[in-house]
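Peer 1: What follows is a predicted protein model with its sequence.
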Amino acid sequence: MNVTQPHAGMLFIPGGTFKMGSNDHYPEEAPVHNVRVNGFWIDIFPITNHDFERFVAATGYVTMAEKPANAADYPGAVPDMLAPSSTMFRKPKGPVDMNNHYNWWVYVKGADWRHPRGPASSIKQLARHPVVHVAYEDAAAYALWAGKELPTEAEWEFAARGGLDGAEYAWGDELTPGGKHLANTFQGDFPYRNTLADGFEYTAPVGSYPPNGYGLYDMIGNVWEWTSDWFQDHAKIDSPCCTADNPRGGQQENSMDPANPAFRIPRRVTKGGSHLCAPNYCRRYRPAARMAQSIDTSISHLGFRCVVRDERAAAQ
């Protein structure tokens with residue numbers, strides 16, 4: 001195959017059919033179903049702070065976390081919650097009620113992509129770390145500027161599997177083969193005790209772990225990644241095929257946020273798990289795993305990568 005690389009730092013993934021989802025873990029991953037994707041280019045690494053800084057310097061773009069929220073969009077919200085802020089993980093001092101995620105998630109004023117660990121932090125030493133605190137529209141704006149798009153859920157999962165159709169992880173069926181950690185996840189007792197057996201407490205520089213079978217890095221762990229698909233059950237997906245005629249393979253679903261029933265928040269699918277996924281909580285460091293994320297939300301463990309769909313290349 002002679003395919004011209006459209007952008008530096010991308011790999012071409014030939015199209016094919018694969019078994020998407022899992023019947024063995026969380027209900028939103030089921031049922032396993034056959035999906036076909038066309039060939040596409042995908043970023044080898046997640047978008048880094050360095051990449052995003054270039055985008056902001058060229059465009060003057062301001063992310064959602066850096067702007068005050070519109071009070072009309074959040075009826076009844078406490079005024080302080082409308083200030084520029086983002087959601088951050090805060091490790092509790094000891095065991096907590098695992099049914100209440102507010103025991104470790106907090107809104108922090110001044111947290112944003114430039115200040116990923118709070119207002120006093122910076123990205124000065126984090127140029128090669130994945131950018132975080134980016135809402136869906138921020139990721140989409142970067143992709144548009146770069147001449148790319150965000151991947152569909154099917155494209156993302158196909159790429160993450162690295163050719164290992166049906167395998168539990170992106171590298172096989174063992175989480176730590178030979179005791180070796182192959183992704184940045186949480187070891188110990190989430191959320192209060194991380195043994196750092198994989199070497200990192202927060203995000204890791206991209207490429208810190210081996211690539212998958214396609215040569216892609218950080219498809220599992222480190223940060224969750226946005227996809228372009230609206231969240232819905234696999235059983236409700238309108239078409240099992242992700243093709244050039246219907247690349248999205250789904251439709252918008254506005255999902256009620258149970259914590260804020262006064263308004264409805266559309267949610268997109270995010271994939272890959274993060275450095276906060278642990279065996280005792282959120283075992284989503286697998287290609288089949290998926291999470292619904294409100295599009296207005298930025299968070300300290302969520303980033304993205306991009307794709308380019310080249311029909312001419314896919315046909316070669």
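Peer 2: Sure, I can see it.

Peer 1: how deep is the residue lying closest to residue 219 once chain neighbours are set aside tucked in, by neighbour count?
Peer 2: Nearest residue to residue 219, sequence neighbours excluded (C-beta to C-beta, 6 or more residues apart in numbering): residue 160, at 4.0 Å. C-betas here are computed from N, CA, C, even on glycine. If you count neighbours by other C-beta atoms under 10 Å, residue 160 ends up with 25.

Peer 1: From residue 22, how far out is residue 160?
Peer 2: 13 Å (C-beta to C-beta, to the nearest Å).

Peer 1: and what of residue 112?
Peer 2: 34 Å.

Peer 1: What of residue 214?
Peer 2: Per C-beta to C-beta, residue 214 is found 20 Å from residue 22.

Peer 1: If the one residue sitting closest to the centre of the chain is in a bridge, with which residues?
Peer 2: In the chain, the centroid-proximal residue (C-alpha atoms, centre = their mean) is residue 225; its distance is 1.3 Å. When bridges are called by DSSP bridges, residue 225 pairs up with residue 271, residue 303.

Peer 1: Which of residue 112 and residue 22 has more residues huddled nearby?
Peer 2: More neighbours surround residue 112 than the other of residue 112 and residue 22, with 24 against 20 (other C-beta under 10 Å).

Peer 1: that older thread, show me what contacts the residue nearest to residue 219?
Peer 2: Residues near residue 160 by C-beta atoms under 8 Å, 6 or more residues apart in numbering: 170, 212, 216, 219-220, 271-272, 287.

Peer 1: Identify the farthest-apart pair in these.
Peer 2: 212 and 271 (13.4 Å; C-beta to C-beta).

Peer 1: These two - which one has more neighbours?
Peer 2: Neighbour totals were compared for residue 212 and residue 271, and residue 271 leads with 26 against 23 (other C-beta under 10 Å).

Peer 1: What residues does that one make contact with?
Peer 2: So residue 271 contacts 153, 156-157, 160, 224-225, 227, 287, 289-291 (C-beta under 8 Å, 6+ apart).

Peer 1: how about 6 Å then?
Peer 2: 156, 225, 227, 290 (C-beta atoms under 6 Å, 6 or more residues apart in numbering).

Peer 1: The last one reaches residue 269, doesn't it?
Peer 2: Read it as residue 290. Yes - using C-beta atoms under 6 Å, residue 290 is in contact with residue 269, at 5.3 Å.

Peer 1: So which of these two has more stuff around it?
Peer 2: The neighbour comparison of residue 290 against residue 269 (other C-beta under 10 Å) goes to residue 290, with 27 against 23.

Peer 1: Can you name the residues bridging to that one?
Peer 2: The partner residues for residue 290, given DSSP bridges, come to residue 271.
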